[in-house]
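1. Sequence and predicted structure are below.
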Amino acid sequence: MSAVFDVQIQKTVRSGARRFELDVRFKTEAQRTVIYGPSGAGKSLTLQAIAGLLKPDAGQILAQGQTLFDAKQGLEVPSRKRGFGYLFQDYALFPHLNVRQNIAFGLRRGWLNPPAAVAEPEVQRWLQAFELEAVAGQRPHELSGGQRQRTALARALVNQPRALLLDEPFAALDPELRGRMREELLALLDRLQIPMLMITHDPEDLACFGQAKLLIAEGRIQS
């Protein structure tokens with residue numbers, strides 16, 4: 001069986017006088033893998049590289065046996081064609097679009113906004129699944145933290161992705177809501193049987209989701 005993720009990448013990032021060396025190597029066959037470590041360790045850079053939002057200087061990225069990036073071969077599959085659902089830490093919802101439009105945006109090619117009353121069956125499915133029908137016409141600033149997270153997760157899932165990439169998915173929630181949303185996400189992953197790669201610095205995320213646990217520090221996987 002092919003590894004869910006097989007990653008060997010190097011990237012030098014410069015910001016002013018600061019230089020950061022990312023040298024990440026790991027292979028996982030687990031359905032749920034968590035990369036954890038302190039802030040500034042290279043977690044987000046790693047996730048962005050896998051998603052195709054950051055181009056490594058060298059190395060390879062494979063997902064379920066498919067090569068997504070190979071520096072030596074000059075191969076780089078565009079982010080939109082990698083088939084991942086990506087959940088940003090701040091959810092990155094479009095403030096001028098309602099819940100239904102934000103979810104539907106995951107189905108779009110290009111930057112045209114979906115109509116306010118968009119009615120694709122896939123969108124309706126996730127509105128129902130995440131109990132968002134009552135707020136489908138509301139904009140992000142009118143939603144609770146849990147509703148914003150569900151909207152962002154629905155947008156990530158609407159295209160039936162090959163895997164979910166989650167960037168600190170509970171960091172923006174209050175402690176009580178985090179526990180409830182962890183339970184909801186775990187039940188969803190079990191139901192859909194979709195692979196997940198999460199980055200976090202929260203030990204509770206690690207305990208809940210870490211079938212495979214990878215510690216990153218100073219740009220390198222330690223365990």
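-> Nice, I can see it.

2. got any ranges where the protein has weak pLDDT?
-> Counting by pLDDT under 70, the chain contains low-confidence ranges at 1, 108-119.

3. Contacts only, for residue 88.
-> The neighbours of residue 88, taking CB atoms under 8 Å, 6 or more residues apart in numbering as the test, are 152, 167. No exception for glycine: its C-beta is placed from N, CA and C like everyone else's.

4. and what of residue 79?
-> Taking CB under 8 Å, 6+ apart, we find residue 79 in contact with 51, 52, 53.

5. Identify, from those residues, the entry nearest to residue 30.
-> Using CB to CB, the shortest approach to residue 30 within the contacts of residue 79 belongs to residue 51, at 18.5 Å.

6. Touching, the closest one and residue 86? I think so.
-> Yes - counting by CB atoms under 8 Å, a contact exists between residue 51 and residue 86, whose distance comes to 5.2 Å.

7. what is in contact with these two at once?
-> Common contacts of residue 51 and residue 86, defined by CB under 8 Å, 6+ apart, comprise residue 165.

8. Show the buried residues in the contacts of residue 79.
-> Neighbour counting with 16 or more other CB atoms under 10 Å marks 51, 52 as buried within these.

9. Show me the contacts of residue 79 that map onto helices.
-> Using DSSP state H, the members of those that fall within helices are residue 51.

10. what would the contacts of residue 79 look like in JSON lines with distance to residue 153?
-> Compiled in JSON lines, the contacts of residue 79 are given as follows (distance: CB to CB, whole Å):
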{"residue": "51", "distance to residue 153": "16"}
{"residue": "52", "distance to residue 153": "20"}
{"residue": "53", "distance to residue 153": "18"}
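
11. Tell me the one of the contacts of residue 79 nearest residue 67?
-> Residue 67 lies nearest to residue 52 out of these, by CB to CB, at 12.5 Å.

12. so how far is residue 172 from that closest one?
-> Distance, residue 52 to residue 172, by CB to CB, to the nearest Å: 24 Å.

13. list the buried ones in the strand or helix carrying residue 215?
-> When secondary structure is defined using DSSP states H and E, the element that contains residue 215 is strand 212-217. Taking 16+ other CB under 10 Å as the neighbour-count basis, strand 212-217 is seen to contain the buried residues 212, 213, 214, 216.

14. what element comes up after it heading to the C-terminus?
-> The C-terminal neighbour of strand 212-217 among helices and strands, as given by DSSP H and E, is strand 220-221.

15. So what's the gap between that next one and the chain middle?
-> Relative to the centre of its chain, strand 220-221 is centred 20 Å away, using CA atoms, centre = their mean, to the nearest Å.

16. For the buried residues of strand 212-217, give me JSON lines that also has distance to residue 182.
-> Written out in JSON lines, the entries for these read as follows (distance: CB to CB, whole Å):
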{"residue": "212", "distance to residue 182": "17"}
{"residue": "213", "distance to residue 182": "16"}
{"residue": "214", "distance to residue 182": "19"}
{"residue": "216", "distance to residue 182": "21"}
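
17. Among the residues you listed, which one lies nearest to residue 178?
-> For those, the residue nearest residue 178 by CB to CB is residue 213; the value is 18.8 Å.

18. Residues contacting the helix or strand containing residue 188, please?
-> Element membership of residue 188 [criterion: DSSP H and E] is helix 175-192. When contacts are taken as CB under 8 Å, 6+ apart, the neighbours of helix 175-192 outside the stretch itself are 31-32, 145-146, 149-150, 153, 157, 164, 169-170, 173, 196, 204-205, 208-209.
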